[in-house]
Each structure stands twice: as C-alpha cells, then as structure tokens.
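**Student:** Got a sequence here, can you build the structure:
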Amino acid sequence: MKSFIISKLIRFHPALQLPYGVKVYTDSSITLKRSIPDICLFKENMRLPDFVPKVGWTVIDIGAYVGIYTLVAARLIGARGEILAFEPNPQAFYWLVNNICLNKFSNVIPVEAAVADYEGNDVLMIPERDILGSSLLNQHLRNLGERTASTYKVIVTTLDSVLESYRLSHVDLLKIDAEGSEILVLSGARRSLQNRMIDKIVIEVHKTVNDPSVVISMLENHRYDIVGRVEYATTHMLYARLAR
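**Tutor:** Numbers count the residues shown, from 1 in each chain. Here you go, the predicted model:
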C-alpha cells in the first residue's frame, strides 16, 4: 500500500464520499450502480441490527471486491477492531488496497486470495460483462449467461487455515459473498465452526449454483440459528447466529 499509488490515482479517479464517513475511488460504473447501493443504500449485509459491525469486533470479509463493505465495517469497528478482507480478482484487489489507503485505515488486512475448501492455486474466471460475478466455478458464469473474458491464476486458502495463520480464536462476524463458492467456504471452515469460533455469519447464496436449503442445513448442523432471510431473484441472503 504505497503512498505514491494514491497520488497517481487522485489525478484520474475522483474519490466519492459515502455514508459512514468513508471515501471510495469511482473505478467503474459497476461500483457506482451496484456495489455502493447494495451496501450503503439497501444494506444487504446489514439488514439486522445484530449484524451491523460494532466497535472492537473482528470481521472477515470474503469477496471484498473493491472494498465497499470492508470500508464501512472498518469505520464501524474502529481502531480496536480488525477486519481481514479477501479478494482474489487482481483488478478488484488493486482498488481495494487503494481504497484502504485513501481512508487511512490501519485496522484492515487485505488478502489477495480466494477462500474455499482446499489450499493451493486455481483459476479465477472474470465475466465479460459483470466483474462482480468473478468466480472459481465455470458453472456460475454459465448459469448467469456470462462469457469468460479473462482468467487469473489465484491463491486459494481455507477459513480454518486463515484463523490459524492469523491466530484468531474468535470472529464476531463473517461475511461471505463468494459467487457460487459459499458451500466450499463453509466446508473449509469445518473445524472453526465446530469449535464455535465464529459468532455470526451473513452469507449470500447464489441460487444459480447452490440450493439455499443445503446451506441452511450445513449451518444448522454446526449449531447455528437462521435468524434472517432475504430472497432475491438469483440470490438468497442468510443471517445465522450461534445457538445460545
């Protein structure tokens, strides 16, 4: 996160002031028309008060894109909190890093990696029309009617490895938007879920690939209560909390 990157970007990409006192570089129309409204206007990941990040929380953001949710969460959790933001698409990760720098957040760790149920490398497919749909799963793109415009070899890790590597014994909130890989993400967190290390989960289930009932069963088997559901045409937002 070099300061010279910021000075170069300011000249060509004006920063937009968002709610919650954060700023973001207007890198594309997709960020303006979809990502920002989804997080800041419709509050897709924060419909329930208990799932709005609080001061001092540890948050993991899987599928951070250019960082709109990450930035909002970073502001809300404050300097005593911490957020790990995972984004495998190098195009989006570039803007994620610069948006973190723009806001001078020191409580965010950006990680250029995908999260699934295996460790190693894989191919990330970038859609021709909608970069937000970048996925490890070709089926996801096909079901969206998208063609692959480009591909990248990316690092893949698991949530179990993440918690171990960063020495996290407790995560207050896990946000998952993995473009079809949500079951893989949960499968790769089996040990962490069994040990009740993750308190709350908000997960966007992409019905083009996954059956929401299967995701619900996985969460319930790990002793989570589904406390909220929001259905859209192609996605299903689930709010889950550890059973007391």
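**Student:** in this protein, what spans have low per-residue confidence?
**Tutor:** The chain contains residues with pLDDT under 70 at 1-13.
**Student:** could you pull out the strands for it?
**Tutor:** Under the criterion DSSP state E, strands of the chain are mapped to 15-18, 22-25, 58-62, 82-86, 108-111, 114-116, 120-127, 148-158, 171-176, 198-206, 224-231, 235-242.
**Student:** how about the lengthiest helix in the chain: buried residues?
**Tutor:** Longest helix in the chain by number of residues (criterion: DSSP state H): helix 90-102. Buried residues in helix 90-102, counted by 16 or more other Cβ atoms under 10 Å: Gln91, Ala92, Phe93, Tyr94, Trp95, Leu96, Val97, Asn98, Asn99, Ile100, Cys101, Leu102. No exception for glycine: its C-beta is placed from N, CA and C like everyone else's.
**Student:** Can you name every helix or strand that it contacts?
**Tutor:** Judged by 3 or more Cβ pairs under 8 Å, 6 or more residues apart in numbering; DSSP states H and E, the packing partners of helix 90-102 are helix 3-12, strand 22-25, helix 68-77, strand 108-111.
**Student:** What strands line up against the last one, and which way round?
**Tutor:** What it means is strand 108-111. Strand 108-111 has the following strand partners under DSSP bridges: strand 82-86 (parallel).
**Student:** Could you check how far the partner strand is from the centre of its chain?
**Tutor:** Centre-to-centre, strand 82-86 and its host chain are 9 Å apart (Cα atoms, centre = their mean, to the nearest Å).
**Student:** Alpha carbons of it, as CSV, please.
**Tutor:** Below are the C-alpha coordinates for strand 82-86, written out as CSV (Å, rounded to 0.1, in the frame of the first residue of the first chain):
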residue,chain,number,x,y,z
GLU,A,82,-9.8,-5.7,12.9
ILE,A,83,-11.0,-6.9,9.5
LEU,A,84,-9.5,-9.3,7.1
ALA,A,85,-10.6,-8.7,3.5
PHE,A,86,-10.2,-11.4,0.9
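**Student:** what's that strand in contact with?
**Tutor:** 53, 58-64, 67, 70, 73-74, 77, 96, 100, 107-111, 113-115, 162, 166 (Cβ atoms under 8 Å, 6 or more residues apart in numbering).
**Student:** Can you name the residues that contact Leu137?
**Tutor:** Met125, Glu179, Gly180, Ser181, Val209.
**Student:** so what's the last one closest to, chain neighbours aside?
**Tutor:** Distances taken as Cβ to Cβ, 6 or more residues apart in numbering place Gly180 nearest to Val209, at 3.9 Å, with adjacent residues excluded.
**Student:** Am I right that Leu76 is in contact with Tyr20?
**Tutor:** Yes: using Cβ atoms under 8 Å, Leu76 is in contact with Tyr20, at 6.8 Å.
**Student:** what about those two, which has more around it?
**Tutor:** Just comparing Leu76 and Tyr20: by other Cβ atoms under 10 Å the higher neighbour count belongs to Leu76, 19 against 12.
**Student:** what's the distance between the more buried one and Val227?
**Tutor:** 20 Å (Cβ to Cβ, to the nearest Å).
**Student:** and what of Pro49?
**Tutor:** As judged by Cβ to Cβ, Pro49 and Val227 stand 11 Å apart.
**Student:** Of the two, give the one with the bigger neighbour count.
**Tutor:** Shown here are Pro49 and Val227; by other Cβ under 10 Å, Val227 has more neighbours (13 against 7).
**Student:** For that one, list the residues it contacts.
**Tutor:** Leu48, Asp50, Tyr239, Ala240, Arg241.
**Student:** Dump the strands of the chain to a markdown table, plus distance to Asn138.
**Tutor:** Putting those into a markdown table (distance: least, Cβ to Cβ, whole Å) gives the following:
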| stretch | distance to Asn138 |
| --- | --- |
| strand 15-18 | 34 |
| strand 22-25 | 30 |
| strand 58-62 | 20 |
| strand 82-86 | 21 |
| strand 108-111 | 24 |
| strand 114-116 | 14 |
| strand 120-127 | 6 |
| strand 148-158 | 7 |
| strand 171-176 | 20 |
| strand 198-206 | 14 |
| strand 224-231 | 25 |
| strand 235-242 | 19 |
